[in-house]
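Novice: below: sequence and its predicted model.
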2 protein chains.
Amino acid sequence: MSNSAETSYKLLDGKKLADEIKSEIAAEVKELTAGGRRQPHLAAILVGNDGGSLTYVGHKVKACEQVGFKSTLLHFTDTSITEEFLLNEVKKLNEDSEVDGFIVQLPLPKHMDADKVIMSIDPDKDVDGFHPVNVGKTTLGLSSFVSATPLGITKILERYNIETSGKHCVVIGRSNIVGRPISILMSNNARVGNATVTVCHSKTKNLKEITLQADIIIAALGKPEFLTGDMVKEGVVIVDVGTSRVDDATAKAGWRLKGDVKFAEVSLKASAITPVPGGVGPMTVVSLLLNTLKAYKA
Amino acid sequence: MSNSAETSYKLLDGKKLADEIKSEIAAEVKELTAGGRRQPHLAAILVGNDGGSLTYVGHKVKACEQVGFKSTLLHFTDTSITEEFLLNEVKKLNEDSEVDGFIVQLPLPKHMDADKVIMSIDPDKDVDGFHPVNVGKTTLGLSSFVSATPLGITKILERYNIETSGKHCVVIGRSNIVGRPISILMSNNARVGNATVTVCHSKTKNLKEITLQADIIIAALGKPEFLTGDMVKEGVVIVDVGTSRVDDATAKAGWRLKGDVKFAEVSLKASAITPVPGGVGPMTVVSLLLNTLKAYKA
């Protein structure tokens, strides 16, 4: 998509940006390993055969290859493995000095306590940024591993030179993996930050009244095409985190990926907007690579 | 102060509430120790002779006595003690099974890294709630030690039956000890929570436009009488966290404590409001007691 006479928005092209950053990481890895140093190494634990999880982990492994990282996938297809067994696998990765960072792909089987498993990860290897220590450091404005989606959003805003300081940013959604952390980051004292941030959620009344005031809207509620043209003001910057599969007989797969934003309408008023797909999505895997590189250097 | 024909606001009397909760804690401690169990035990580390710090720690020790807690004050008057020495004192308290919780009174001398010292506290004994693990758990909506001022604010709102769900709460200030955590708590899915929360700070433009929309305002910026009557709407609930000493020749001490809210004006429009002094202040010490009791029980 490119701007035409009718559309004046800037497309925040996450796919293109992700490719750029991957090239930069690849160049850096080449330089780092040229002297004989080992490759950065990301490991992933996957339990079971959930289709979505398999796809996500596959993307991560592939991205590692693209930038010259080593990757290890511990795939336990047997969902009846015990929590104790899994905790021991985490312990081994914690202690493995050749593993810089690792993730435990969620969801886990229901007989496991996901919080407990996440808490058992060494925070210094928690490149998903889900451990409370990393969440806490992010909240406090300290150096930390920021989780993939919020980190990816800040990178998009940074690289596309979107001014955030003093802007009114409305975040729709308060999930632990997107809405909450991005609301904190946007409000912290940082280059991408210093915004006046309002967090909206399922209990919010008069949502439209609030979104109409926003200079920047980050939609992360998971309802396809929820944000419509009448809900935004002229010149708004839109970050669409939604990725819902919506049935569509005309699509090859029988479904299409839909964002939380009605792009056709909202893009007419926006000054900048991320598409779905090709916006925030591709940046999340890049965030994981950036965190792994950070762990490797530390 | 009580309501008269002219004033229709409800005074959120933190002093009275603090006394009530202390009585409840004292009764519970009496019951818990009746069977021969040891008292809850709060320890405090204080370095140097800062007047404010001495006063605060003094209040905490006194409060412990009032409710039947044991308290220990480690007061190092020599500000030249090393960080290493202090870290070792923290370690001893971490390992002391007779100490349920402890605090390191801030500020520390400038040659010490306060973040490092806080990070060395066992999160399970961090009754000030400053450790990143506790901040992270609070952010994630998990059980945690919430720091004193935000916890005190939630207790005031809870005990005075202030409805927060679906309300627009504006927090002025984004400090790590008040603004940030209370903004998260007010937005989390909890009895005192589920508000639509806007965080304002020094970079916020058109602040008045935002405060005029607020159903609840939590003022925590530290500027005496900053929030004036023209900045709030009728029926607003006001929580005033400010405690600035303002010169006043007519006061015995030569100064008076002033909140961030111009009480005389704002109270005319408010449906409920905390005074200063006697509002949030007394509740902070009670929060510390509640956290210590929680640590004792766990």
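Specialist: Here it is on my side, so go on. Residues are numbered from 1 along each chain as shown, chains lettered A, B, ... in the order given.
Novice: starting at the chain centroid, how far to the helix or strand harbouring A:V286?
Specialist: Assigned by DSSP states H and E, A:V286 belongs to helix A:280-297. Distance, stretch centre to chain centre, for helix A:280-297: 9 Å (Cα atoms, centre = their mean, to the nearest Å).
Novice: what is the mean pLDDT for it?
Specialist: Average pLDDT, helix A:280-297: 97.
Novice: with stretch A:63-79 instead?
Specialist: The average pLDDT for stretch A:63-79 rounds to 96.
Novice: now do the end-to-end distance for it.
Specialist: One end of stretch A:63-79 sits 26 Å from the other (Cα to Cα, to the nearest Å).
Novice: any stretches of chain A with poor pLDDT?
Specialist: Applying pLDDT under 70 to chain A flags residues A:1-7.
Novice: can you tell me which residues in it are near chain B?
Specialist: A:115, A:131-137, A:139-142, A:165-166, A:174, A:176, A:180-181, A:184, A:187-189, A:194-201, A:203-205, A:210 (Cβ under 8 Å from any Cβ of the partner chain). For the C-beta atoms, the positions are set from N, CA and C on the backbone; glycine is no exception.
Novice: I'd say A:T284 and A:I153 touch.
Specialist: No. A:T284 is beyond contact range of A:I153, at 9.2 Å (criterion: Cβ atoms under 8 Å).
Novice: between those two, tell me which one has more neighbours.
Specialist: Between A:T284 and A:I153, counted using other Cβ atoms under 10 Å in any protein chain shown, A:I153 has the larger neighbour count: 30 against 24.
Novice: that one is in what secondary structure piece?
Specialist: In this structure, A:I153 is located in helix A:148-159 according to DSSP H and E.
Novice: could you give the angle of that helix to helix A:280-297?
Specialist: Orientation of helix A:148-159 against helix A:280-297 (axes from the mean of the first three to the mean of the last three Cα atoms, to 10 degrees) gives an angle of 100 degrees.
Novice: can you name the next helix or strand after helix A:148-159?
Specialist: Using DSSP H and E, the next helix or strand after helix A:148-159 towards the C-terminus is strand A:168-172.
Novice: who are the packing partners of that next one?
Specialist: When contacts are defined as 3 or more Cβ pairs under 8 Å, 6 or more residues apart in numbering or on different chains; DSSP states H and E, strand A:168-172 packs onto helix A:179-187, strand A:196-200, helix A:207-211, strand A:216-219.
Novice: buried set for stretch A:173-180?
Specialist: For stretch A:173-180, burial by neighbour count (16 or more other Cβ atoms under 10 Å in any protein chain shown) applies to A:173-174, A:177-180.
Novice: what is the end-to-end distance of it?
Specialist: One end of stretch A:173-180 to the other measures 8 Å (Cα to Cα).
Novice: next one: stretch A:32-47
Specialist: Stretch A:32-47 has an end-to-end distance of 33 Å (criterion: Cα to Cα).
Novice: who touches the host helix or strand of A:E84?
Specialist: Per DSSP H and E, A:E84 falls inside helix A:83-95. Residues from elsewhere that reach helix A:83-95, judged by Cβ atoms under 8 Å, 6 or more residues apart in numbering or on different chains: A:43, A:45, A:47, A:74, A:76, A:99, A:102, A:104, A:108, A:111-113, A:116-117, A:120-122, A:125.
Novice: just the CA coordinates for that helix, please, in CSV.
Specialist: Provided in CSV are the C-alpha atoms of helix A:83-95 (Å, rounded to 0.1, in the frame of the first residue of the first chain):
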residue,chain,number,x,y,z
GLU,A,83,4.7,-29.7,36.0
GLU,A,84,7.7,-31.0,37.9
PHE,A,85,9.2,-32.3,34.8
LEU,A,86,8.7,-29.0,33.0
LEU,A,87,10.2,-27.0,35.9
ASN,A,88,13.3,-29.2,35.7
GLU,A,89,13.6,-28.5,32.0
VAL,A,90,13.4,-24.8,32.8
LYS,A,91,16.1,-25.3,35.5
LYS,A,92,18.4,-26.9,33.0
LEU,A,93,18.0,-24.0,30.6
ASN,A,94,18.6,-21.5,33.5
GLU,A,95,21.9,-23.2,34.2
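Novice: brilliant, that's me finished.
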